[in-house]
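K.L.:
From the sequence below, what's the structure:
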Amino acid sequence: MKKGQITVIILLVVLIVVLGIILAVFISRQGKPFCGDENCDSNIGEDCLSCPEDCEDCSVEPVTEKSHFGVQGAIVNFPNEMKEAGIEITREWIEWSIIEPIDDQYDWTHMDKRMQAANQAGIEVLGYFTHMPSWAKKDKKCKSDFCEPKDWNDFREFARKVAERYDDKQEYGEIKYIGVLNEVTIPEFFDFKNQNNPYETWLINGYEGAKEGNPNVKVLIGAFVDPVGPEYKVVDKKLTMWIDRMLENYNQYYDIVNFHSYGTDDRGITQTIEYIKERMEYFSLNKPMWITETATLTFLEESDWQYKIARGVVKRYTRALREDIEKIFWFPFIGLPTPEEHPNGTESKTIALGWAFKEEDQIFRPRQAYHTYRLMTSKLTDFSSIEKISDTQCKFTFTNKDPVYVLWCDSGSCPIPSEITGIVKVTDYLGNREIKQASDIVLTEDPVFVE
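P.N.:
Numbers count the residues shown, from 1 in each chain. I've put the predicted structure just below:
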């Protein structure tokens, strides 16, 4: 055999071996991610978890505007006071019984006023359905806010009309977000014991109706209510089972996960968030999370109840924002006065940012919590990222100014972050400002902003 022929044979053998290796790799890769080729191919199992270099990371794509600071609002009467506090979004009732008091007869007057006030103030609106009209109930004796309906299509059509009217294409304004009912595991709001009144059917009809009216509207599930107590103890097994069912089986019928968190201890909001996040991760659910009601519960017997609420404003928003909660709503913006605040006051416990006698006047009386809320938004609005330094220390960064640190100490002594040095500006939650050496800062339960 000639030398040239031997060379050709060797080259052919090498080529066959190489092709065999490539074929073996290809076969072994069937159904498995093949990362690194700059192509995210779901057909072979690539996704953001298994192949982030091709598919990017799994961070939730924001479905909303940049706004973070919300309240359960009083937008018709106090739009200016809300705007001055830095409130970016208000949560408002969509009162079915007021808008459609008689089947197929609509009165949009009050809802239009809400929308007009919000839009003129530049405040976004989250609306949620309340007050089912008696004509739509199958059993007129049912006392819950939402009971078994005579016809499911009545609610579906109402949801469609609301979303369509406030789609920002007409002169009525825009509702960007719609919640399908509220706290549906509480009898006052929802007749959940009636097996013929499943929330799932309300959710499906509300979602599909709203999307028919405005495909761009974002839909929130009816809020989960504090599923865990201190030390992550489950407070209601039926509630947690219901939450799991909503997360696993009905997640195609809402865009945003929505829950509430109250309590006398502000650390509880972190426990609630971590529980919901853990359940979402368990079911591989990747959606934005909102807290549409939160507050620090207080009682008038506590001499510092006003200051406790104010401290809670900073602590709850800081704890929630650092856990990637997209929007947080304090509940409520306005309430009635206590006997301490007015001779005719009746409130024995209170969590509102301010008070007014709605029957007597429309004058807003701010509490310390309102001033603290305004201070907080002036410091933190338009932040670009948050770094958790410790359980009670966070660093907010911005594109247009230096970082702002939010610091406090719940017990014992807490050193300040080592990166804070030199002369700094310290503003406490009451608005008192000092210029001092960083080494002179002493942290207490009172939150401070350090710049």
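K.L.:
residues contacting residue 334?
P.N.:
Counting by Cβ atoms under 8 Å, 6 or more residues apart in numbering, residue 334 touches 74, 77, 78, 352, 353, 354, 355, 356, 364. Glycine gets a C-beta too; all of them are placed from N, C-alpha and C.
K.L.:
List just the nearest of the residues you listed to residue 92.
P.N.:
Nearest to residue 92, judged by Cβ to Cβ, of these is residue 74 at 9.0 Å.
K.L.:
Apart from its chain neighbours, what residue comes closest to the closest one?
P.N.:
Of all residues not flanking residue 74 in the chain, residue 334 sits nearest, at 4.3 Å (Cβ to Cβ, 6 or more residues apart in numbering).
K.L.:
List the beta-bridge partners for that neighbour.
P.N.:
Counting by DSSP bridges, residue 334 is bridged to residue 354.
K.L.:
which stretches of the stretch 101-250 of the chain have low pLDDT?
P.N.:
Scanning the stretch 101-250 of the chain for pLDDT under 70 picks out the ranges 230-232, 234-235.
K.L.:
So which residues of the stretch 1-150 of the chain form helices?
P.N.:
Assigned by DSSP state H, counting those that start in this stretch, the stretch 1-150 of the chain shows helices spanning 3-28, 52-55, 79-84, 96-99, 109-121.
K.L.:
So the residue sitting nearest the centre point of the chain versus residue 129, what's the distance?
P.N.:
In the chain, the centroid-proximal residue (Cα atoms, centre = their mean) is residue 290; its distance is 1.0 Å. Noted for residue 290: a distance of 16 Å to residue 129, by Cβ to Cβ, to the nearest Å.
K.L.:
now do residue 213
P.N.:
The gap separating residue 213 from residue 129 is 13 Å, by Cβ to Cβ.
K.L.:
which neighbours do those two share?
P.N.:
Contact criterion Cβ under 8 Å, 6+ apart; residues shared by residue 213 and residue 129: residue 159.
K.L.:
and those two? which has more neighbours close in?
P.N.:
When neighbours are counted by other Cβ atoms under 10 Å, residue 129 comes out ahead of the other of residue 213 and residue 129, with 25 against 20.
K.L.:
can you pull the contacts of that one?
P.N.:
94, 96, 146, 155, 158, 159, 178, 179, 180, 181, 182, 206.
K.L.:
Tell me who's in contact with the closest residue to the last one other than its chain neighbours.
P.N.:
Meaning residue 206. Using Cβ to Cβ, 6+ apart and skipping the chain neighbours, the partner closest in space to residue 206 is residue 180 (3.6 Å). Residues near residue 180 by Cβ under 8 Å, 6+ apart: 128-129, 159, 202-203, 206-207, 210, 219-222, 254.
K.L.:
Of these - the most surrounded one?
P.N.:
residue 206 (30 neighbours).
K.L.:
what's the helix or strand where that residue lies packed up against?
P.N.:
Assigned by DSSP states H and E, residue 206 belongs to helix 199-213. Contacts defined by 3 or more Cβ pairs under 8 Å, 6 or more residues apart in numbering; DSSP states H and E place helix 199-213 against helix 152-165, strand 218-220.
K.L.:
need these in JSON lines with distance to residue 265, can you?
P.N.:
Compiled in JSON lines, those are given as follows (distance: least, Cβ to Cβ, whole Å):
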{"stretch": "helix 152-165", "distance to residue 265": "37"}
{"stretch": "strand 218-220", "distance to residue 265": "26"}
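K.L.:
among those, which is nearest residue 339?
P.N.:
It is, among the helices and strands packed on helix 199-213 and with distance given as Cβ to Cβ, strand 218-220, at 36.6 Å.
K.L.:
Next, the buried residues of stretch 111-119.
P.N.:
For stretch 111-119, the neighbour count (16 or more other Cβ atoms under 10 Å) marks 111, 112, 114, 115, 116, 117, 118, 119 as buried.
K.L.:
before we move on, what about stretch 152-170?
P.N.:
The neighbour-count check on stretch 152-170 (16+ other Cβ under 10 Å) flags 154-167 as buried.
K.L.:
JSON lines for these, including distance to residue 241?
P.N.:
Output for the buried residues of stretch 152-170, formatted as JSON lines (distance: Cβ to Cβ, whole Å):
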{"residue": "154", "distance to residue 241": "29"}
{"residue": "155", "distance to residue 241": "25"}
{"residue": "156", "distance to residue 241": "27"}
{"residue": "157", "distance to residue 241": "32"}
{"residue": "158", "distance to residue 241": "30"}
{"residue": "159", "distance to residue 241": "27"}
{"residue": "160", "distance to residue 241": "31"}
{"residue": "161", "distance to residue 241": "34"}
{"residue": "162", "distance to residue 241": "31"}
{"residue": "163", "distance to residue 241": "31"}
{"residue": "164", "distance to residue 241": "35"}
{"residue": "165", "distance to residue 241": "37"}
{"residue": "166", "distance to residue 241": "35"}
{"residue": "167", "distance to residue 241": "36"}
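K.L.:
Quick check: the farthest pair among these?
P.N.:
Pairwise distances across the buried residues of stretch 152-170 peak at 20.9 Å for 154 and 167 (criterion: Cβ to Cβ).
K.L.:
what sits up against stretch 245-258?
P.N.:
Defining contact as Cβ under 8 Å, 6+ apart, one finds that stretch 245-258 is touched by 63-64, 177, 179-180, 200, 203-204, 207-208, 218-224, 276, 279-280, 283, 285, 287-292, 326.
K.L.:
no, scratch that, I was asking about stretch 293-310
P.N.:
72, 91, 223, 260-264, 266, 269, 311-313, 315-316, 320, 328-331, 338-340, 347-351, 367-369, 371-372, 429-430.
K.L.:
Keep only those of those residues that are in strands.
P.N.:
Of the positions in the contacts of stretch 293-310, 72, 91, 260, 261, 262, 263, 328, 329, 330 sit in strands, assigned by DSSP state E.
K.L.:
Serialize those to a markdown table and add fields for neighbour count.
P.N.:
Formatted as a markdown table, the ones in strands among the contacts of stretch 293-310 follow (neighbours: other Cβ atoms under 10 Å):
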| residue | neighbour count |
| --- | --- |
| 72 | 21 |
| 91 | 27 |
| 260 | 19 |
| 261 | 28 |
| 262 | 17 |
| 263 | 19 |
| 328 | 24 |
| 329 | 24 |
| 330 | 29 |
